[in-house]
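K.L.:
pasting a predicted model and its sequence here:
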Amino acid sequence: MYAQFEPELLVEDRGNGIRLVVLNRPDAFNASNERLHDALIEVWSPLGADPEARAVVLTGAGHAFSAGGDMHHLAACRTDVHMRRKEIENARRLVLAMVDFPLPIVAAVNGPAVGLGCSLAALSDIVLIAEGTYMADPHVSAGLTAADGGAPAWPLLMSLLRAKEYLLTGDRIPAAEAVAIGLANRTVPGADLLPEALALAGRLAAQPAHAVRTTKKALNMHLSRAMTGVLEYALAEEFASFDTDDHERIVRRFLTKSGSAG
């Protein structure tokens, strides 16, 4: 049922109705290239239709949760408008797929959660984060409009002032601070993170299924209604921001440092 998402995204049956979803590009710190992004969009439908599934744990392979968008892919989106249009549409689809997903998602943030990685965590239902790591949304610092998670969702999780500070600066949010401002539920020692996330998912899976699904849907109606208009505006502006001189300069500087500039 899930083999089509491999190797970029792994889905494991952990028993008792728990499905473990693993972002699996550890050598790239689980940065999202086109194949991983596509898998992250498409995986929620079969998971939601899985008759035995009751809860999902989302985590990253290796030492990162996700480093966000792959910069080489973003560079390609700058020059290939068709690819960019697909990227923006896929960002919309991913946000809506996670908001509409019927089962509870426990994010086990095992390492840095940056950009898209931070959005994946924020769109989950319960977020456990390893001590000593951090979250960040550097869209603005990369010359892009913060669209797929930050601007639409963060003001519901923290104060509007905090959301503005961290989105406009792109500053890292240490694990303890992420908990304090409402971006995560609690910190966990790194060695205990996955076992604790699986145990929590087990508790959710053991709850009455109809009550869990309908309560989650009712709660996410707040998010859906708040995002109306915001998501569309932000995505349209993100599409346009790929053409700005600032974004071109930032991408070129990154690729020059990595030895990949043309």
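P.N.:
The structure has been received and is ready for your questions. Numbers count the residues shown, from 1 in each chain.
K.L.:
would you map the strands across the stretch 51-200 of the chain?
P.N.:
Counting by DSSP state E, counting those that start in this stretch, the stretch 51-200 of the chain forms strands over residues 55-60, 105-109, 113-114, 126-130, 134-136, 173-174, 186-188, given from the N-terminal end onward.
K.L.:
mean pLDDT and mean neighbour count added to those, as JSON lines?
P.N.:
(C-beta placed from N, C-alpha, C; glycine too.) Formatted as JSON lines, the strands of the stretch 51-200 of the chain follow (pLDDT from 0 to 100; neighbours: other C-beta atoms under 10 Å):
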{"stretch": "strand 55-60", "mean pLDDT": "98", "mean neighbour count": "26"}
{"stretch": "strand 105-109", "mean pLDDT": "98", "mean neighbour count": "27"}
{"stretch": "strand 113-114", "mean pLDDT": "98", "mean neighbour count": "29"}
{"stretch": "strand 126-130", "mean pLDDT": "98", "mean neighbour count": "25"}
{"stretch": "strand 134-136", "mean pLDDT": "98", "mean neighbour count": "23"}
{"stretch": "strand 173-174", "mean pLDDT": "98", "mean neighbour count": "20"}
{"stretch": "strand 186-188", "mean pLDDT": "98", "mean neighbour count": "18"}
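K.L.:
as CSV, these with distance to Gly17 would be great.
P.N.:
CSV is the format used below for the strands of the stretch 51-200 of the chain (distance: least, C-beta to C-beta, whole Å):
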stretch, distance to Gly17
strand 55-60, 6
strand 105-109, 13
strand 113-114, 25
strand 126-130, 16
strand 134-136, 28
strand 173-174, 32
strand 186-188, 22
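K.L.:
pull stretch 102-115 out as PDB, backbone CA atoms only.
P.N.:
Taking C-alpha atoms only, stretch 102-115 is exported to PDB below (Å, rounded to 0.1, in the frame of the first residue of the first chain):
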ATOM      1  CA  PRO A 102      -8.800  12.300   9.900                       C
ATOM      2  CA  LEU A 103      -6.300  10.500  12.100                       C
ATOM      3  CA  PRO A 104      -4.200  12.100  14.900                       C
ATOM      4  CA  ILE A 105      -0.600  12.900  13.900                       C
ATOM      5  CA  VAL A 106       2.100  13.000  16.500                       C
ATOM      6  CA  ALA A 107       5.200  14.800  15.200                       C
ATOM      7  CA  ALA A 108       8.500  13.500  16.700                       C
ATOM      8  CA  VAL A 109      10.900  16.300  15.900                       C
ATOM      9  CA  ASN A 110      14.200  14.500  16.200                       C
ATOM     10  CA  GLY A 111      16.400  17.300  14.800                       C
ATOM     11  CA  PRO A 112      16.200  20.600  13.100                       C
ATOM     12  CA  ALA A 113      12.700  21.400  11.600                       C
ATOM     13  CA  VAL A 114      13.300  24.200   9.100                       C
ATOM     14  CA  GLY A 115      10.900  25.700   6.600                       C
END
